[in-house]
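# Quick one, what's the 3D model for this:
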Amino acid sequence: MHARTHARMHLWKAFAHATPAWLAVMAMVVTLTLAGIAPASAQPRLDNLRFKENRAVSYQCDGGRRLAVRYLNGDGNQLALMRIDDKPMVFVNVMSGSGARYVGGRYEWWTKGEDGNLRDLMGAQDAPPVFANCHAVR
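Purely as a prediction, here's the structure:
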């Protein structure tokens, strides 16, 4: 099985147990936070789901491109929020052999330490990352 096919299977499994209400609330939280309507320091929550860590990281990528990512972590749930093609996207942390791997829609954000790459899982297997060789800047 190709790695991309395997990644797609994991993506579908990750969202298989998410209820439509949970996804709708998370999309609203993401949209409001990214739009600047909700304060970045606000602690988003759903029922008893709380995010104890709300951290913004800016990445410098190949070609002079920048990628802003907000990480929400807590109680066994880890999310990464970012804008792709000017649309807010929610990425969910899934199992990885090394580093932190997040999937959202057709994209995969894989970080290790201060570095990361954003890939389009629907692209050709040998396609370059959408955002390549990203490094966190302070």
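
# For D62, give me the backbone phi and psi.
phi -50, psi 150 (degrees, to the nearest 10).

# just checking, it touches N133?
Yes. With contact defined as CB atoms under 8 Å, D62 reaches N133; the gap is 4.8 Å. Using the backbone N, CA and C atoms, a C-beta is placed for each residue, glycine as well.

# the bottom helix or strand of this structure by mean pLDDT?
Across the helices and strands of the chain, mean confidence by mean pLDDT, DSSP states H and E is lowest for helix 3-16: a mean of 50.

# now the strands: where do they sit in this protein?
Secondary structure of the chain (DSSP state E): strands located at 45-46, 49-50, 53-60, 66-74, 77-84, 87-94, 100-104, 107-112, 115-120, 131-137.

# and the ones you listed, which one's lowest on average pLDDT?
Among those, strand 45-46 has the lowest mean pLDDT, at a mean of 60.

# on that earlier part again, mind putting the strands of the chain into a markdown table with mean neighbour count?
Converted to a markdown table, those look like this (neighbours: other CB atoms under 10 Å):
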| stretch | mean neighbour count |
| --- | --- |
| strand 45-46 | 13 |
| strand 49-50 | 14 |
| strand 53-60 | 14 |
| strand 66-74 | 17 |
| strand 77-84 | 19 |
| strand 87-94 | 18 |
| strand 100-104 | 22 |
| strand 107-112 | 20 |
| strand 115-120 | 20 |
| strand 131-137 | 16 |
